[in-house]
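K.L.:
coords below, sequence missing:
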Ligand SMILES: Cc1cc2nc3c(=O)[nH]c(=O)nc-3n(C[C@H](O)[C@H](O)[C@H](O)COP(=O)(O)OP(=O)(O)OC[C@H]3O[C@@H](n4cnc5c(N)ncnc54)[C@H](O)[C@@H]3O)c2cc1C
Ligand SMILES: C=Cc1c2[nH]c(c1C)Cc1[nH]c(c(CCC(=O)O)c1C)Cc1[nH]c(c(C)c1CCC(=O)O)Cc1[nH]c(c(C)c1C=C)C2
């Protein structure tokens, strides 16, 4: 898993010197050194043509890296929709206050992880630096994150000192005792290969810290349930610290920064070329783009259209993908009566179960099929009146411990968009559902959705004004859930793909190694470099071995 330094978890549990809590990338030994000489063949044969499935940020990135690193190889990208970008989807609405920009998916990117450096390198190569909006670490939008915990907004502590200084905050009740007790907790039983984040944090600290603080953090990244998500996948530094040092706090206070080996290699590859842009981004907490997050996907698509060997096919419905040893991978494209077109290699960036459904029965992988995802209702609201918010900050999250009387809409959190990107009035985004809607088959309609979002804002922020503009999107199966046992299942998926496709079908995207935008771009870069160097045959090798260095 890759170091995505999840901000919520990082802030909640980060101690002064504690390495950011993050889901780290595995580092099998063969990824230890950067690939200087990229070959055009894999152990299974020459790379004559590549099909990229999916035109989200991962698919666009994979095609882009192929066009940069192996410009002579023909690449065809298949996208089922008529638009590219996937969840990157900025909507512009004309109003009397000018054009109001709503983000229906991602809105901010973190610069300070190794995967963040990969995205920055791409931004530099795409000449997008002048389009950036940098949100400084010193602004309220960066520093102030809140949790709604009855019956008020609790500002999250950003260091151990502020934890010590805020024992009276309702959401902090019991947190200090949990932190002080942690070094004396017993290690987990030897045979325990994974457990839920809720069980792990409750065992190491206490239930209060788990159900109030960490539950909120996981709502803010995965829209997920603390009692289903995997501690090993989401908190690998903590998971390892218990195993090797017997305590998370002792590991933190020992200041032993551990990081995956391939992070070191990637940082070494990219550091010098990006020294300038990184210096200009110094002090940036998160960033976006003046014309919205889809600036990145649109720029990739523009660059790809200039590449003579890249073909982008949108609005296509993919049929079965088969594998014939002598012919490579004939992909049936259901577009008229065309006969199947064969490619020597395929990189799939589809949601894992979607890919699995395209494979012939005998080659399907129960592990790919096992990846679940949650549905999030995203309600953007714009008010002409500026400064309607009672506080300034990034937004607030609502932990699952909040009683349903205080959160009947099952809201996950609210983003204060006008604090992160400039806007004449007040702009917020209410996120609803996620794991609360698991198993649901019907969802609120647009009218009901706006009513629910306004009820949340009235109850928690006392906002009663009628919004000038609203925008509702139901994002079905939008965030994959790395539930308990995810790493083991992905290791099995690696074996299934290797056995079934002999290194000709690789995977990348948010189903596997991290859900952040940086993780997706990183997975695309790694799967392409691995394919061209012949050292990665599925994109999931990282689940087979992990090497850490301090
Ligand atoms: C509401 C929301 C908020 C988020 N906020 C942030 C944030 O602030 N910061 C951050 O870093 N990340 C954020 N994320 C996560 C991040 O946006 C996603 O994880 C990332 O965009 C996933 O990209 P992808 O290319 O892997 O997948 P996708 O974007 O899902 O792309 C897959 C593509 O494949 C296409 N496709 C599917 N099936 C087929 C088929 N059969 N044939 C052809 N094409 C097919 C789809 O149409 C889609 O275009 C957020 C996600 C959501 C949903
Ligand atoms: C309330 C629900 C959600 C909010 N954002 C998301 C959900 C489900 C989705 C999401 N947001 C971020 C990521 C990428 C994480 C990564 O590993 O890179 C995803 C999948 C980014 C993010 N989430 C929070 C912050 C502060 C950031 C960006 C900056 C950073 O990475 O530090 C926490 C958070 N998310 C939401 C709110 C209201 C919130 C904090 C108050 C909305």
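P.N.:
Yep, that arrived. Keep in mind that this is a model prediction, so the values were computed, not measured. Ligands and ions are numbered 1, 2, ... in the order given.

K.L.:
Residue 92 against residue 100, yeah?
P.N.:
Yes: with contact defined as CB atoms under 8 Å, residue 92 counts as touching residue 100 (7.3 Å). To be clear about C-beta, it is placed using only N, CA and C from the backbone, and glycine gets the same treatment.

K.L.:
So between these two, which is more surrounded?
P.N.:
For the pair residue 92 and residue 100, the greater number of neighbours falls to residue 100 (21 against 12), based on other CB atoms under 10 Å.

K.L.:
quick one, what contacts the more buried one?
P.N.:
Neighbour list for residue 100: 92, 93, 94, 382, 423, 427, 469 [criterion: CB atoms under 8 Å, 6 or more residues apart in numbering].

K.L.:
Return the closest of the residues you listed with respect to residue 207.
P.N.:
Within the contacts of residue 100, the smallest distance to residue 207 is 35.8 Å, found for residue 427 (CB to CB).

K.L.:
Quick check: that closest one is in a helix.
P.N.:
No: assignment of residue 427 by DSSP: H, G, I helix; E, B strand; the rest coil gives strand, placing it outside any helix.

K.L.:
who's in contact with it?
P.N.:
100, 102, 380, 381, 382, 383, 417, 418.

K.L.:
Quick check: it vs residue 313, distance?
P.N.:
Distance of residue 427 to residue 313, given as CB to CB, to the nearest Å: 36 Å.

K.L.:
The residue of the stretch 401-550 of the chain found nearest ligand 2: neighbouring residues, count only.
P.N.:
Here the stretch 401-550 of the chain gets closest to ligand 2 at one residue, residue 516, 2.4 Å apart by CB to the nearest ligand atom. For residue 516, the neighbour count with other CB under 10 Å is 24.

K.L.:
Any chance of the backbone angles for it?
P.N.:
Dihedral angles of residue 516 (phi, psi; degrees, to the nearest 10) stand at phi -70, psi 160.

K.L.:
Wait, it touches residue 115, no?
P.N.:
Yes: the criterion here is CB under 8 Å, and residue 516 meets it with residue 115 at 7.2 Å.

K.L.:
Now do the SS call for residue 311.
P.N.:
Going by three-state DSSP: residue 311 is strand.

K.L.:
Specify the beta-bridge partners of it.
P.N.:
residue 76 (DSSP bridges).

K.L.:
now it: how far from ligand 1?
P.N.:
Distance, residue 311 to ligand 1, by CB to the nearest ligand atom, to the nearest Å: 14 Å.

K.L.:
which residues sit in contact with that residue?
P.N.:
74, 75, 76, 77.

K.L.:
Residues of the chain that sit close to ligand 1?
P.N.:
53-59, 78-81, 86-88, 105-109, 318, 349-350, 354, 376, 378, 475, 478-479, 509-510, 515-517, 520 (CB under 6 Å from any ligand atom).

K.L.:
circling back: which one of the contacts of residue 100 has the most neighbours?
P.N.:
Looking at those with neighbours defined as other CB under 10 Å, the largest count falls to residue 427 at 28 neighbours.

K.L.:
Quick check: that one vs residue 384, distance?
P.N.:
Distance of residue 427 to residue 384, given as CB to CB: 11 Å.

K.L.:
ok, now residue 441?
P.N.:
Counting by CB to CB, the gap from residue 441 to residue 384 is 37 Å.

K.L.:
quick one: which of the two has more around it?
P.N.:
A count of neighbours by other CB under 10 Å puts residue 384 above the other of residue 441 and residue 384, at 17 against 5.
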